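Visitor: missing the sequence, but the structure's below:
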Ligand code: SF4
Ligand code: FES
């Protein structure tokens, strides 16, 4: 890996010392990468359909052999999709409609940027709470599938 | 008080530690000046105004891009201060970074008023009018002192050196929002690209570190909205050309002159 890219990647993925929005940016990127990898794996899985019924059944059987790993994997993918989707909606409000950003004004000391203001924060917290709640529910649902939890 | 500085002589970099006496009111810039005066005169850093107006003292203090002259030691609340040159810029020496690329990107968005008829700028018989309400829509972005902190804080610049960056994009929006400007199409060529405005994913770190309350993140999102919007609708009618204004109102030279002030008897004598 080239040095410039490596230090850039480290700087880019390190939101400590920064604002809440940058944390959600980092999470958005990471979940995005997870979803992209999942999509590739998923397309590869679907491709086995072309091997006929026997081939497909074998693939499914092999996948269900993964047991707990499949469960954890599914749970991570569910969480990623939830967060990426919900945060994506917020970004659409920001970028397409210019909402939650406040209006430009005469800056007065001590400066507090409007685009990182209260409305933005409320929406981020709301998204986090909703996503975590649904994610826990999804976890229980997956556990129920394995018979570990009674649904 | 311990100060750790990431030094760089152009070919290699190393951490160097200094112990410095400091008073409660001292700023990080004071510490650096102190070190240079009493301990190591080879330490290189930039500064000028010492009051947050020139934008030359940007460095990374304890992991956050900040102006050295505007950061008090007491507000850092740490016994050791870690000082690095601004992220994402090529380092020339110690804390001095190369700002050429930064300035060129600023230039590339044409940060000045563009008129379809450039003569209007050269030979205007009257001033271009901007109401104070209109002024409010961009005055915030005028506060930029080009310190470059926003670019150092931006996680996207860190990964894509070709990205125009928050400072230049905010300035592009400042001129697009200006009611006197007719340069949207010209600037769009630079902005509506994959290394332009669409590369921004709104981490907001630029606005968080900006020492002047410019809020570049806001400008960039509004710029995106403007570009979307103008795919479907025409832009606002750009400020009345000078000739129309001249028809509507008397030129300044023809307006009645205010009576001269009577200094002898005092200005506010009737009040
Ligand atoms: S927008 Fe703010 S942080 Fe960026 S260069 Fe201007 S003053 Fe500095
Ligand atoms: S010395 Fe001018 S901004 Fe710090």
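Guide: That came through, no problem. Keep in mind the model is a prediction, meaning the values are calculated, not measured. Ligands and ions are numbered 1, 2, ... in the order given.

Visitor: Might you report the residue contacts of the residue in the stretch 151-271 of chain B that chain A sits nearest to?
Guide: Residue nearest to chain A within the stretch 151-271 of chain B (CB to the nearest CB): residue B:213, separated by 2.8 Å. The C-beta positions use only the backbone N, C-alpha and C, and glycine is treated the same way. Counting by CB atoms under 8 Å, 6 or more residues apart in numbering or on different chains, residue B:213 makes contact with A:107-109, A:111-113, B:140, B:143.

Visitor: Also residue B:99?
Guide: B:89, B:148.

Visitor: For chain A, give me the ranges with low pLDDT.
Guide: In the predicted model, chain A carries pLDDT under 70 at residues A:1, A:151.

Visitor: go with 90
Guide: Scanning chain A for pLDDT under 90 picks out A:1-12, A:45, A:48-52, A:54-71, A:109, A:142-151.

Visitor: Mind telling me which residue of it is nearest chain B?
Guide: residue A:111 (2.8 Å).

Visitor: Residue 59 is in what secondary structure piece?
Guide: Unless you meant another one, I'm taking chain A. helix A:52-64 (DSSP states H and E).

Visitor: should've been chain B
Guide: Short version, using DSSP H and E: residue B:59 is in strand B:58-61.

Visitor: Which neighbours in the sheet does that strand have, and how are they oriented?
Guide: Strand B:58-61 has the following sheet partners, assigned by DSSP bridges: strand B:64-67 (antiparallel), strand B:80-84 (antiparallel).

Visitor: Mean neighbour count for those - can I get that in a markdown table?
Guide: Shown next, in a markdown table, are the strands paired with strand B:58-61 (neighbours: other CB atoms under 10 Å in any protein chain shown):
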| stretch | mean neighbour count |
| --- | --- |
| strand B:64-67 | 24 |
| strand B:80-84 | 19 |
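
Visitor: Dump those strands to CSV, plus mean pLDDT and distance to ligand 2.
Guide: Converted to CSV, those look like this (pLDDT from 0 to 100; distance: least, CB to the nearest ligand atom, whole Å):
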stretch, mean pLDDT, distance to ligand 2
strand B:64-67, 97, 5
strand B:80-84, 96, 14
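
Visitor: Distance to residue B:93 for these - can I get that in CSV?
Guide: Shown next, in CSV, are the strands paired with strand B:58-61 (distance: least, CB to CB, whole Å):
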stretch, distance to residue B:93
strand B:64-67, 19
strand B:80-84, 13
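
Visitor: Enumerate every residue touching the residue lying closest to residue A:79 once chain neighbours are set aside.
Guide: Distances taken as CB to CB, 6 or more residues apart in numbering or on different chains place residue A:135 nearest to residue A:79, at 4.7 Å, with adjacent residues excluded. Residue A:135 is in contact with A:75, A:78-79, A:82, counting by CB under 8 Å, 6+ apart.

Visitor: give me the element residue A:135 is part of.
Guide: Counting by DSSP H and E, residue A:135 is found in helix A:118-145.

Visitor: cool, residue A:46 as well?
Guide: Going by DSSP H and E, residue A:46 is part of helix A:20-47.

Visitor: gap between the longest helix along chain B and the chain center?
Guide: Using DSSP state H, we find that the single longest helix of chain B is helix B:216-232. Relative to its parent chain, helix B:216-232 has a centroid offset of 19 Å by CA atoms, centre = their mean, to the nearest Å.

Visitor: So what touches that helix?
Guide: A:21, A:94-98, A:101-102, A:104, A:113-116, B:141, B:144, B:150, B:166-167, B:169-170, B:172-174, B:176-177, B:184, B:188, B:191-192, B:197-198, B:200, B:202-204, B:206-207, B:210, B:235.

Visitor: picking that back up, please tell me how far the strand holding residue B:59 is from the chain's geometric centre.
Guide: Distance, centroid of strand B:58-61 to centroid of chain: 16 Å (CA atoms, centre = their mean).
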